[in-house]
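>>> Any chance you can model this:
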Amino acid sequence: MSDPLANDPLGRAATIVAHDELHYGDAVVPPIFQTSLFTFSSYDEMAATFAGKLVRPTYSRGLNPTVRAFEEKVAQLERTEDALGFASGMGAISSAVLAFVQPGDRILAVEHLYPDSFRFFEVVLKRFDITVDYIDAGDLAAVEKALPGRKIFYLESPTSWMFQVHDLAALAKLAKAAGAITIADNSWASPLFQQPVALGCDLVVHSASKYLGGHSDVVAGVVAGSRELVGKLRREVLPYLGAKLSPFDAWLLLRGLRTLPARMREHERSALALATRLQSHPAVTRVHHPALSQPRSKGLEGTSGLFSIELAPSIDIPAFCNALKLFKLGVSWGGHESLICPAGVTRVQTGGPNHALRFGVPERMVRLNTGLEATESLWSDLAQAFDASKT
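The predicted model follows:
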């Protein structure tokens, strides 16, 4: 039977997230299995489980029905065989990397990757003699030259702060030829607008705290990919690092996924409207939004609510930030509320290698997270803040 929604990714996603396979009686919302362990009905059942002949919950650090319902939903959305939930986005990212490296290995990563991924590479991996080099992934010839001998090629598209879009299919093909495992951070686009594994990547990671949750009330992460690769994480990393997603957080994520298609439509529409108008505003010298600054890459089917702008010298950036009413100063994104983060504060951030300085994030850049408020209200807020901060 043909898929009636094959050419409608948002419609397909809306149908997936509207229903659950984890039924309890006639409840339309799945239950929270808030338990640390599950007992066995007999010695034989326990022995069969430990021998791997029976798959069933034993201890919630390894398997929990509510968490498993979330994992299966993400796998459906990403069109992968399996997925594995974690207690944070960095739990997912670090586990995905650590499952495949050993001392002496070499990693290639895109420039302008998520700042904490950069710090994880520079602080933690260096302690184990694992080398990470960074490259402009838009230069396919340079990537092809740099890939031989790499264990992992770590991708992110669009990239953090600069929102550069990369050809994931072409990059994955080059990595496969070189024998490197590809891991792609898909937090910005969400599974609705981009599916890296379908483009040839091996694993996809998300900070589920962002669009998957969508309500700024949960910190979580998830890795999706083939049953073989996700199984390796499940067996060799998750039980020992312990960054397991909790049942309640998984339930919050399942609730958040219900509205993911509707939210992503609105984030996309509102952010693009603001970015387009900001292009011609005298207070703005440049807008970094994937739909405006570069041709849309094959595989990126839509855009989200996060983009950045560079402000003219005539704008006092601290005064601009302080004058905003609806846009709140904050470091995260993907929730219902609009946020602003100035690059200037990240350039003086202490506590490890500085991402903004390493990759040259412009000092006069601010990042905007477009929430779910009325677009005209957000525009009025930006306009009055520009007027209030002219020098």
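>>> burial of residue 313, as a residue count?
8 (other Cβ atoms under 10 Å). For every residue, glycine as well, the C-beta is placed using N, CA and C.
>>> Tell me the spacing between it and residue 390.
As judged by Cβ to Cβ, to the nearest Å, residue 313 and residue 390 stand 11 Å apart.
>>> With residue 382 instead?
13 Å.
>>> Same check on residue 216?
Distance, residue 216 to residue 390, by Cβ to Cβ: 32 Å.
>>> do residue 250 as well
In terms of Cβ to Cβ, residue 250 sits 48 Å off from residue 390.
>>> re the thing from before, neighbour-wise, which of residue 382 and residue 390 wins?
residue 382 (24 against 13).
>>> May I ask you to confirm that that one belongs to a helix?
Yes - counting by DSSP: H, G, I helix; E, B strand; the rest coil, one finds residue 382 located in a helix.
>>> That one contacts residue 324, doesn't it?
Yes - applying Cβ atoms under 8 Å, one finds residue 382 in contact with residue 324, separated by 7.5 Å.
>>> Just the pLDDT for residue 208.
As predicted, residue 208 sits at a pLDDT of 97.
>>> Tell me how many other residues crowd it.
30.
>>> Per the annotation, how does the chain divide into domains?
9-258, 260-388 (automatic domain parsing).
>>> Give the residue spans of this protein that score low on pLDDT.
1-7, 9, 20-25, 294-297, 350-351 (pLDDT under 70).
>>> Centroid-nearest residue for this protein?
What sits nearest the mean C-alpha location of the chain, by Cα atoms, centre = their mean, is residue 187, with 1.9 Å.
>>> what's the distance between it and residue 279?
Distance from residue 187 to residue 279, by Cβ to Cβ: 25 Å.
>>> remind me, longest helix of the chain?
As assigned by DSSP state H, the longest helix anywhere in the chain is helix 260-278.
>>> What residues sit buried inside it?
260-261, 263-264, 266-268, 270-272, 274-275, 278 (16 or more other Cβ atoms under 10 Å).
>>> go on, stretch 59-67?
For stretch 59-67, by 16+ other Cβ under 10 Å, it's 60, 61, 63, 64, 65, 66, 67.
>>> which residues in this protein form strands?
Ranges of strands within the chain are 82-86, 106-110, 131-135, 152-156, 181-185, 203-207, 221-225, 284-288, 306-311, 328-329, 339-342, 365-369, based on DSSP state E.
>>> I'd like to know which of those strands lies nearest to residue 353.
Nearest to residue 353 among those is strand 131-135; the distance by Cβ to Cβ comes to 10.8 Å.
>>> neighbouring contacts of the closest one?
105-111, 113, 121-122, 125-126, 142-143, 146, 154, 358-359 (Cβ atoms under 8 Å, 6 or more residues apart in numbering).
>>> Over to stretch 277-293?
158, 161-163, 165, 271-272, 275-276, 296, 300, 303, 307-312, 314-315, 364-365, 379, 382, 386, 390.
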